[in-house]
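Trainee: Build me a structure from this.
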Amino acid sequence: MTNNAVNETERMVVTRVFDAPRELVWKAWTDSKYVMQWWGPKGFTSPVCKMDVRVGGKSLLCMKTPDGYEGWNAIEYHEIVLHEKIVSTMYFSDSEGNKIDPEQLGMEQAIDGAYDVTLFEDLGNGQTKITQIGNESLESAKNSGQFEGWIEILEKLAAVVTELAQAK
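Mentor: Numbers count the residues shown, from 1 in each chain. Below is the predicted model:
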């Protein structure tokens with residue numbers, strides 16, 4: 001399993017290789033039962049997770065910090081290719097999924113017109129590579145801690161995927 005970052009036209013890009021088939025990684029990424037186990041950086045929990053992964057669908061996720069602060073994200077889906085690709089818009093929201101301006105939280109705006117893109121690549125030999133392309137610049141993501149947060153999130157996802165693979 002590896003992590004690395006690439007500066008793709010200034011957008012944040014994080015990758016991770018999992019020792020599991022693509023369908024299993026997809027399941028862990030899209031099923032609320034599993035997303036609740038990995039959503040948020042190390043030490044964070046996800047007490048609420050409502051996934052509606054379909055074109056036009058909207059997911060709502062809560063990320064709770066170790067000191068009890070609850071931050072919310074909503075995800076709207078624009079394109080889905082089963083087991084291969086998800087194109088979405090993720091934004092800060094309230095607990096009802098209403099958009100909150102990132103500047104209210106001391107963060108920069110997303111890149112205009114940029115979507116989040118998650119790619120699931122079958123590497124063969126039972127391995128899958130996720131490439132997460134964020135809708136913010138790499139510099140902004142590093143300054144705000146989002147870049148490091150995504151690396152930690154993918155680390156937590158790897159633990160969930162490993163458990164699922166072992167249970168099969």
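Trainee: Find the nearest non-adjacent residue to Glu155, please.
Mentor: Closest residue in space to Glu155, ignoring its immediate chain neighbours: Lys42 at 7.2 Å, by Cβ to Cβ, 6 or more residues apart in numbering. The C-beta positions use only the backbone N, C-alpha and C, and glycine is treated the same way.
Trainee: If I look at the one you found, what pLDDT would I see?
Mentor: We have a pLDDT of 95 for Lys42.
Trainee: And it, which helix or strand is it part of?
Mentor: Under the criterion DSSP states H and E, no helix or strand holds Lys42.
Trainee: so where do the strands sit in this protein?
Mentor: Under the criterion DSSP state E, strands of the chain are mapped to 3-5, 11-18, 49-50, 58-64, 70-81, 85-93, 116-124, 127-137.
Trainee: Can you list the low-confidence ranges for this protein?
Mentor: Applying pLDDT under 70 to the chain flags residues 1-9, 106-113.
Trainee: Scan it for its longest helix.
Mentor: helix 146-167 (DSSP state H).
Trainee: May I have that helix exported as PDB, CA atoms only?
Mentor: Output of helix 146-167 as PDB, limited to C-alpha atoms (Å, rounded to 0.1, in the frame of the first residue of the first chain):
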ATOM      1  CA  GLN A 146      -7.000  18.900   4.100                       C
ATOM      2  CA  PHE A 147      -4.200  17.200   2.200                       C
ATOM      3  CA  GLU A 148      -2.900  15.400   5.300                       C
ATOM      4  CA  GLY A 149      -6.500  14.700   6.300                       C
ATOM      5  CA  TRP A 150      -7.100  12.900   3.000                       C
ATOM      6  CA  ILE A 151      -4.000  10.800   3.500                       C
ATOM      7  CA  GLU A 152      -5.200   9.800   7.000                       C
ATOM      8  CA  ILE A 153      -8.800   9.100   5.600                       C
ATOM      9  CA  LEU A 154      -7.400   6.800   3.000                       C
ATOM     10  CA  GLU A 155      -5.300   5.100   5.700                       C
ATOM     11  CA  LYS A 156      -8.500   4.500   7.700                       C
ATOM     12  CA  LEU A 157     -10.300   3.300   4.600                       C
ATOM     13  CA  ALA A 158      -7.500   0.800   4.000                       C
ATOM     14  CA  ALA A 159      -8.100  -0.700   7.500                       C
ATOM     15  CA  VAL A 160     -11.800  -1.100   6.600                       C
ATOM     16  CA  VAL A 161     -11.000  -2.600   3.200                       C
ATOM     17  CA  THR A 162      -8.600  -5.100   4.900                       C
ATOM     18  CA  GLU A 163     -11.300  -6.200   7.300                       C
ATOM     19  CA  LEU A 164     -13.800  -6.700   4.500                       C
ATOM     20  CA  ALA A 165     -11.300  -8.600   2.400                       C
ATOM     21  CA  GLN A 166     -10.500 -10.900   5.400                       C
ATOM     22  CA  ALA A 167     -14.200 -11.500   6.000                       C
END
